[in-house]
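Visitor: The following comprises the amino acid sequence and a computationally predicted model.
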Amino acid sequence: MPDDIDAALDAVGARLRALRSERGLTLAQVADATGVSVSTLSRLESGGRRPTLELLLPLAREYQVPLDELVDAPATGDPRVYARPFQRHDRTFVPLTRRPGGLRAYKVVIPPGSSPVDPELKVHEGWEWLYVLSGRLRLLLGEHDLTLGPGEVAEFDTRTPHAILNRGPDPVELLTLFGPQGERLHVRAQQRRS
């Protein structure tokens with residue numbers, strides 16, 4: 001096997017581990033979702049087992065990434081992102097970025113009537129920026145209870161207890177940027193001087 005193929009296959013384990021970690025999943029949870037045993041997943045992530053198509057296909061589906069991203073296939077020259085929406089907690093997420101790790105962008109749709117009356121506030125590593133496209137979004141952030149409408153933006157450290165909810169009778173659509181290691185959004189635009 002040529003060296004470049006060996007190197008690509010050797011790097012798959014680290015990518016799998018990073019994807020699982022970014023999603024906050026345990027080996028057992030991934031095993032339940034994919035049918036791949038915990039021991040096989042562990043050996044894949046550590047490099048102790050060679051990846052095969054039969055193992056990578058269910059993992060790519062579970063992690064919502066293209067198969068070529070798992071094996072770091074060379075770019076085809078097509079810069080378009082083919083977003084595959086997925087559902088989590090009654091919400092639709094449309095990924096707008098393809099690379100694992102670093103800042104990730106999503107369009108999120110929260111249907112009306114899906115938000116609990118007494119929501120559980122979540123805490124995790126990272127930094128989040130969100131922009132409301134339509135609807136009325138309720139942001140519980142620490143001791144704050146905020147309502148954001150179209151065109152409004154919020155940015156916060158996700159280690160602060162928070163919940164993002166639909167406050168109104170219509171779907172909420174928002175864009176969100178999430179940095180798992182706490183990367184903040186850096187705005188470099190400056191105001192024009194007259």
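Guide: Looks like it came in fine. From a predicted model like this one, the values you see are computed outputs, not experimental measurements. Numbering: from 1, shown residues only.

Visitor: For residue 91, grab the count of nearby residues.
Guide: Residues near residue 91, counting by other Cβ atoms under 10 Å, number 18. To be clear about C-beta, it is placed using only N, CA and C from the backbone, and glycine gets the same treatment.

Visitor: Look up the pLDDT of the nearest residue to it once chain neighbours are set aside for me, please.
Guide: Leaving aside its sequence neighbours, residue 91 sits nearest to residue 110 (Cβ to Cβ, 6 or more residues apart in numbering; 5.3 Å). Looking at residue 110, its pLDDT is 94.

Visitor: is it true that residue 110 touches residue 167?
Guide: No. Between residue 110 and residue 167 there is no contact under Cβ atoms under 8 Å: 9.5 Å.

Visitor: for this protein, what spans make up the helices?
Guide: Ranges of helices in the chain, per DSSP state H, are 3-22, 27-34, 38-46, 53-63, 67-70.

Visitor: In JSON lines, list the ones you listed along with distance to residue 133 and mean pLDDT.
Guide: As requested, the helices of the chain are exported to JSON lines (distance: least, Cβ to Cβ, whole Å; pLDDT from 0 to 100):
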{"stretch": "helix 3-22", "distance to residue 133": "24", "mean pLDDT": "81"}
{"stretch": "helix 27-34", "distance to residue 133": "30", "mean pLDDT": "91"}
{"stretch": "helix 38-46", "distance to residue 133": "37", "mean pLDDT": "92"}
{"stretch": "helix 53-63", "distance to residue 133": "26", "mean pLDDT": "87"}
{"stretch": "helix 67-70", "distance to residue 133": "27", "mean pLDDT": "76"}
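
Visitor: ok, residue 110 and residue 167, which is more surrounded?
Guide: Neighbour count, other Cβ under 10 Å: between residue 110 and residue 167, residue 110 has more, with 22 against 19.

Visitor: give the contact list for the more buried one.
Guide: Contacts for residue 110 (Cβ atoms under 8 Å, 6 or more residues apart in numbering) come out as 90-91, 135, 137, 164-166, 171-172, 174.

Visitor: Run through the bridge partners of the residue nearest to residue 91.
Guide: Under DSSP bridges, the beta-bridge partners of residue 110 are residue 172.

Visitor: Which strands and helices lie in contact with the worst-scoring helix or strand of the chain on mean pLDDT?
Guide: Within the chain, no helix or strand scores below helix 67-70, which has a mean of 76 by mean pLDDT, DSSP states H and E. Using 3 or more Cβ pairs under 8 Å, 6 or more residues apart in numbering; DSSP states H and E as the contact test, the elements touching helix 67-70 are helix 3-22, helix 53-63.

Visitor: I am finished for the moment; much appreciated.
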